[in-house]
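Participant: Generate a structure from the sequence data that follows.
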Amino acid sequence: MKNSRTKIYLNLLFAVIVIAIQSCSSASAEVSNNIAEPFKLPVDVKVVSATSIDQIEVVSGSAISNREIAVVSEVSRKIVNVGFTDGSYVTKGQLLYKLDDADLMARLKQVDADLQLATINKNRISALLKNDAVSQEEFDIANARLISLQASKDLLQVEIQKTQITAPFSGIAGITRAFTGSLANPGMTLVKLHEVNPLKIEFSVPEKYSSAVKTSMKISFSLPNVDEQFDAKITAIESEINTQTRALTVHATTDNKDGQLKPGMSARVYYSTSSSNNLGIKIPTEALIPGAGGYSVFVVKGGVAKSTSVKLSNRSESEALISEGLVDGDTVMISNLLRTGEGTPVQIVTSK
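Facilitator: Below is the predicted model of the structure:
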């Protein structure tokens, strides 16, 4: 009976030992599995690709007249007529101001009379000279008198011409500063004349982009409170960079047949600084990590995050243009950046 109990106890002990060994083995396997599969940070990524880009710069500009002059008088005379309405369109050669020329016209009549008499006198003396009835000296005096009177007439006609102030080109006349009856003095601005079709857009290009703008290059511009964008073509580039602003002055010409554009209007000018074969990589701005030395991004390689420095060419609120640091096909992280460090294991959740 005693041997039977001992045998039972031994069997129970053996069973307990077997169960304990199995439990330890299971726990060891679980620990081993946990070590083999560490935690991976879930992230969203974007697989980038190099594409042809057109980098657009935006600067402030102004609309200016194609040509603009201050109409002035060359002589001091009273204005007897104003030949235009303020703000009206005038054509080339149109009379703008007529100055008093009564005394000049009277002198012209006198000179014409003297000239007619001198012509008759010269012809008579010339006939007498052929018969040796007069001396050569008398003929020379008569001829000189005729030439002098002709010069006097020419001079008077020039003075009379100065009393007719006309438009040198077609354009919009401003507000007159002189009126009928007032005295026009030499150099006094009477009115300003603007040629507004075509119209010019003046803007400045930073020194670093000075080589990107060329004559005949197309640009676009917009105006305040106007949704439409207008096209223009670069027609003139200043020969030197302004040493104060470190910028290059550029003029672009645009059509203004409808007169919608006015000189002095402010404009937003858009011009390209990219060449036709310029390539770049665009990434979302949330992928950028600012630092003391610039910007960097996390690139996923072999299941871990690798920090990569990048150089920005341009950026907007939603996108950044990368010129250096990334290559075609790189996988760039765009989420969970604050929880990521160099070499952090990651699990890609979504790829854009």
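Participant: low-scoring stretches of this structure, by residue?
Facilitator: Counting by pLDDT under 70, the ranges of the chain that qualify are 1-37, 275-278.
Participant: And the helices in it, which stretches?
Facilitator: Using DSSP state H, the helices of the chain run over residues 2-36, 102-130, 136-161.
Participant: buried sites along the last one?
Facilitator: By neighbour count with 16 or more other CB atoms under 10 Å, helix 136-161 contains the buried residues 139, 142, 145-146, 149, 152-153, 156, 159. Where C-beta positions appear, they are placed from N, C-alpha and C, glycine not excepted.
Participant: Give the buried residues for stretch 72-82.
Facilitator: Neighbour count says stretch 72-82 has 73, 77, 79, 82 buried, by 16+ other CB under 10 Å.
Participant: Contacts for that stretch, please.
Facilitator: Stretch 72-82 is contacted from outside by 95-101, 159, 162-163, 165, 176, 178-190, using CB atoms under 8 Å, 6 or more residues apart in numbering.
Participant: can you pull the contacts of Gln157?
Facilitator: Counted by CB under 8 Å, 6+ apart, Gln157 has contacts Leu108.
Participant: again, only using 10 Å
Facilitator: By CB atoms under 10 Å, 6 or more residues apart in numbering, the contact set of Gln157 is 104, 108, 111.
Participant: Likewise for Thr91?
Facilitator: Applying CB under 10 Å, 6+ apart, one finds that Thr91 lies in contact with 166-167, 169-171.
Participant: Only the C-alpha atoms, please, for stretch 145-165, written as PDB.
Facilitator: Output in PDB follows, covering the C-alpha atoms of stretch 145-165 (Å, rounded to 0.1, in the frame of the first residue of the first chain):
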ATOM      1  CA  ARG A 145      18.800 142.800-100.200                       C
ATOM      2  CA  LEU A 146      16.500 140.200-101.700                       C
ATOM      3  CA  ILE A 147      18.300 137.300 -99.800                       C
ATOM      4  CA  SER A 148      18.100 139.300 -96.500                       C
ATOM      5  CA  LEU A 149      14.400 139.800 -96.900                       C
ATOM      6  CA  GLN A 150      13.900 136.200 -97.700                       C
ATOM      7  CA  ALA A 151      15.800 135.200 -94.500                       C
ATOM      8  CA  SER A 152      13.600 137.700 -92.500                       C
ATOM      9  CA  LYS A 153      10.500 136.000 -93.900                       C
ATOM     10  CA  ASP A 154      11.800 132.500 -93.000                       C
ATOM     11  CA  LEU A 155      12.500 133.700 -89.500                       C
ATOM     12  CA  LEU A 156       9.100 135.200 -89.100                       C
ATOM     13  CA  GLN A 157       7.500 132.000 -90.300                       C
ATOM     14  CA  VAL A 158       9.400 130.100 -87.600                       C
ATOM     15  CA  GLU A 159       8.200 132.500 -85.000                       C
ATOM     16  CA  ILE A 160       4.600 132.100 -86.200                       C
ATOM     17  CA  GLN A 161       5.000 128.400 -86.200                       C
ATOM     18  CA  LYS A 162       5.900 128.500 -82.500                       C
ATOM     19  CA  THR A 163       2.500 130.100 -81.800                       C
ATOM     20  CA  GLN A 164       0.800 126.900 -82.800                       C
ATOM     21  CA  ILE A 165       1.500 124.200 -80.200                       C
END
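Participant: Now do it: distance to the chain's middle.
Facilitator: 50 Å (CA atoms, centre = their mean, to the nearest Å).
Participant: tell me the domain boundaries of this protein?
Facilitator: Taking automatic domain parsing as the domain assignment, the ranges for the chain are 42-53+278-351, 58-63+189-272, 101-162.
Participant: about what we covered before: whichever of the contacts of stretch 72-82 end up buried, select them in PyMOL.
Facilitator: Buried subset of the contacts of stretch 72-82, written as a PyMOL selection, criterion 16+ other CB under 10 Å:
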select buried, resi 96+97+98+99+100+101+159+162+163+165+176+178+184+190
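Participant: Now intersect the contacts of stretch 72-82 with the strands, please.
Facilitator: Under the assignment DSSP state E, the contacts of stretch 72-82 contribute 95-99, 165, 183-184, 189-190 to strands.
Participant: Widest-spaced pair of these?
Facilitator: Using CB to CB, the ones in strands among the contacts of stretch 72-82 span at most 18.6 Å, a distance reached by Leu95 and Leu183.
Participant: and the gap between Gln110 and Val75?
Facilitator: Using CB to CB, to the nearest Å, Gln110 is found at 20 Å from Val75.
Participant: Gln55 now?
Facilitator: From Gln55 across to Val75, the span is 57 Å (CB to CB).
Participant: repeat for Val58
Facilitator: From Val58 across to Val75, the span is 50 Å (CB to CB).
Participant: what's Leu108 in contact with, if anything?
Facilitator: Applying CB under 10 Å, 6+ apart, we find Leu108 in contact with 101, 152-153, 156-157, 159-160.
Participant: Over to Val47?
Facilitator: By CB under 10 Å, 6+ apart, the contact set of Val47 is 300, 328-332, 348, 351-352.
Participant: out of the domains of the chain, which comes closest to Gly87?
Facilitator: domain 58-63+189-272 (10.2 Å).
Participant: What distance do you get for Ser76 to Asp154?
Facilitator: Distance of Ser76 to Asp154, given as CB to CB: 21 Å.
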